[in-house]
Structure formats: structure tokens, C-alpha cells
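Student: Sequence and predicted model, in that order:
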Amino acid sequence: MLRQHFAFQEDNGMTRRFTSSASVGAPSQRCLRVGELLRQVLCEIVRSGSLYDRVLEKANITITEVRVSPDLKNATVFVITLGGHHVEEAVAALMRVRGALRYELGCRIRLKNTPALSFVVDRSFENVEKMNRLLASTYADTASETGQ
């Protein structure tokens with residue numbers, strides 16, 4: 001973990017030192033909290049059916065994660081659909097209604113700036129499945145070499 005040390009001179013001549021133990025590139029606690037709040041509210045909005053788009057009416061959308069930029073002005077929303085079918089179409093539909101989503105977010109949460117939304121397909125489950133297959137094949141290879 002990288003530690004950064006800050007020092008500044010106070011008016012009374014004393015020097016104060018501060019240490020920041022946050023890792024470089026790791027999201028702050030505030031970014032994580034705002035991201036989770038955005039995820040919950042976006043799920044409520046999508047579930048309520050107030051968005052008028054034919055693709056969104058048919059699709060069962062799950063918002064898995066929301067990553068917020070450090071300045072809280074941009075948010076990337078990771079999306080999957082039930083069964084993984086027609087995910088790209090659902091993402092395109094969400095991109096079409098992102099203005100309405102942003103407006104609804106602004107009405108429901110209290111932030112200085114409502115983040116601009118971008119939607120992407122969440123590939124983390126596919127990556128986990130791929131890793132499990134690799135580990136299983138490695139285990140099978142090891143077991144066959146040892147004669148078990």
C-alpha cells in the first residue's frame with residue numbers, strides 16, 4: 001500500500017503532517033457509497049417500468065455494479081440480462097433512455113451533480129466461468145499425470 005505524506009505550515013508557525021493511506025487507483029469510500037446508491041436507485045427505476053422502450057419492457061435486466069469517477073460526474077453502469085441473451089440490445093436501449101434515467105436519478109438522490117451515465121455489458125461472470133474451466137482442466141491434467 002502506498003502512503004503519501006503531506007505537510008503544510010499553519011498560521012502559528014507549527015507544521016502539521018497528514019498521511020494518506022489510500023492506494024493509488026483504488027476508488028475512495030465516497031465513490032463506492034455513491035456507486036452503490038446509484039445502483040440501488042437505477043434498479044428501482046428500471047424495475048418500476050417507467051421507461052418507455054420496447055426492448056426494456058421485454059428484458060430482465062440486472063445492474064451488477066456502478067463505478068463512479070473520482071469527481072462523481074461520470075458513472076459506468078455494468079449490466080447483464082437474465083440468461084445472457086440480447087445483452088447488447090438491452091445496453092443500446094439503456095443508452096437511448098439514459099437522459100430520462102439521469103433525470104430520474106436527479107429527482108431521487110441528492111448530489112451536487114447527477115453523474116452522466118454510460119452502460120456496458122458486464123463480462124465478469126463470463127471471465128469467472130472461463131477461469132473455472134481453466135482450473136478444472138489443469139486439475140484434470142494433474143490428476144491424469146499422477147495416475148489418480
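Tutor: Ah, there it is.
Student: contacts and neighbour counts: CA atoms only from here.
Tutor: OK.
Student: residue ranges of the helices in the protein, please?
Tutor: Taking DSSP state H as the criterion, the chain carries its helices at 29-48, 54-58, 87-96, 98-108, 124-146.
Student: List the buried residues in the longest one.
Tutor: Same thing as helix 124-146. Using 16 or more other C-alpha atoms under 10 Å as the test for burial, helix 124-146 gives no buried residues.
Student: beta partners for the residue sitting nearest the centre point of the chain?
Tutor: The residue lying closest to the centre of the chain (C-alpha atoms, centre = their mean) is Val66, at 2.6 Å. Partner residues in beta bridges with Val66, using DSSP bridges, are Val77.
Student: wouldn't it be in contact with Gln40 here?
Tutor: No - using C-alpha atoms under 8 Å as the test, Val66 is too far from Gln40 to be in contact (9.5 Å).
Student: contacting residues for Glu36?
Tutor: Counting by C-alpha atoms under 8 Å, 6 or more residues apart in numbering, Glu36 touches 65-66.
Student: Sketch out the low-pLDDT regions of this structure for me.
Tutor: Residue ranges of the chain with pLDDT under 70: 1-24, 141, 143, 147-148.
Student: Recalculate using a threshold of 80.
Tutor: The chain contains residues with pLDDT under 80 at 1-27, 49-53, 55-59, 83-85, 124-130, 137-148.
Student: follow-up on the earlier one: who's in contact with the residue nearest to the centre of the chain?
Tutor: By C-alpha under 8 Å, 6+ apart, the contact list for Val66 reads 35-36, 38-39, 75-78.
Student: My read is that Arg39 contacts Arg67, right?
Tutor: No - Arg39 is not in contact with Arg67 according to C-alpha under 8 Å; the separation is 9.2 Å.
Student: what's the burial count for Arg108?
Tutor: 13 (other C-alpha atoms under 10 Å).
Student: How about the one 10 residues further on?
Tutor: Under the neighbour criterion other C-alpha under 10 Å, Ser118 is assigned a count of 15.
Student: What spatial separation is found between it and Arg102?
Tutor: Computed as C-alpha to C-alpha, to the nearest Å, the Ser118 to Arg102 distance reads 10 Å.
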